[in-house]
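>>> Show me how the following folds:
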Amino acid sequence: MAIEGATSARTVAKTLSWRFFATGSTIIIGFLLTGSWGTAFAVGVPDVLIKSILYFQHERVWLSPSFQSVSRPLLYKMVNWLQLIIFLHDYLQLSWKVIALTCTILIAYAVNGDAEVAFKLGCS
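Residues are numbered from 1 along each chain as shown. Below is the predicted model:
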C-alpha cells in the first residue's frame, strides 16, 4: 500500500524546495572555504542537479508500495508506534545524509582538486 498523498509531483516540489536551501548553503560554505565564488558555484551547480535526481529517487524508493510491503511486517514487531516512527525518520535521514555527503565531497574534489576542502565542504 502506497502512502496516501505521496505523489511524484509532491516529491518533485519537496526536492526542489529543499535543494534551494541546501545548495545555497553549499555555495556559501564553498565560498567561505575557498574565497572564490567561481569555485563555490562550480561545486554548487552540479551539486543541485545530481542531488535533486538522487533525492527524488531516494524518496520514491522509500514511498514505493514494494518497499512498504517488505519493510512493514518486520518493523511492526517493534515495541510501539513511536519507536517505529522515530526509527523510520532517523533511518531515512541517515541514508540520505550518507548519499548527499558523499556526492558533495566527490563534486568538490572534482572541481577543486583539494581533498581537505572537499571533506570540509562535504562535512559542513
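>>> quick one, what contacts Cys103?
By C-beta atoms under 8 Å, 6 or more residues apart in numbering, the contact set of Cys103 is Asp47, Ile50, Lys51, Leu54. For glycine as for every other residue, the C-beta is placed from the backbone atoms N, C-alpha and C.
>>> distance of it from Ser52?
11 Å (C-beta to C-beta, to the nearest Å).
>>> Quick one: the helices in this structure, in order.
8-34, 37-63, 65-75, 81-112, 115-122 (DSSP state H).
>>> chain center to the shortest one: distance?
Average the C-alpha atoms of helix 115-122, do the same for its chain, and the two points are 17 Å apart (C-alpha atoms, centre = their mean, to the nearest Å).
>>> what do you get for the first one?
Here helix 8-34 shows a centroid-to-chain-centroid distance of 10 Å under the convention C-alpha atoms, centre = their mean.
>>> Can you list the buried residues in that helix?
Thr11, Thr15, Arg19, Ala22, Thr23, Thr26, Ile27, Ile29, Gly30, Phe31, Leu33, Thr34 (16 or more other C-beta atoms under 10 Å).
>>> Show me what that helix is packed against.
helix 37-63, helix 81-112, helix 115-122 (3 or more C-beta pairs under 8 Å, 6 or more residues apart in numbering; DSSP states H and E).
>>> Just the closest of the buried residues of helix 8-34 to Ser124, please.
Ile29 (4.9 Å; C-beta to C-beta).
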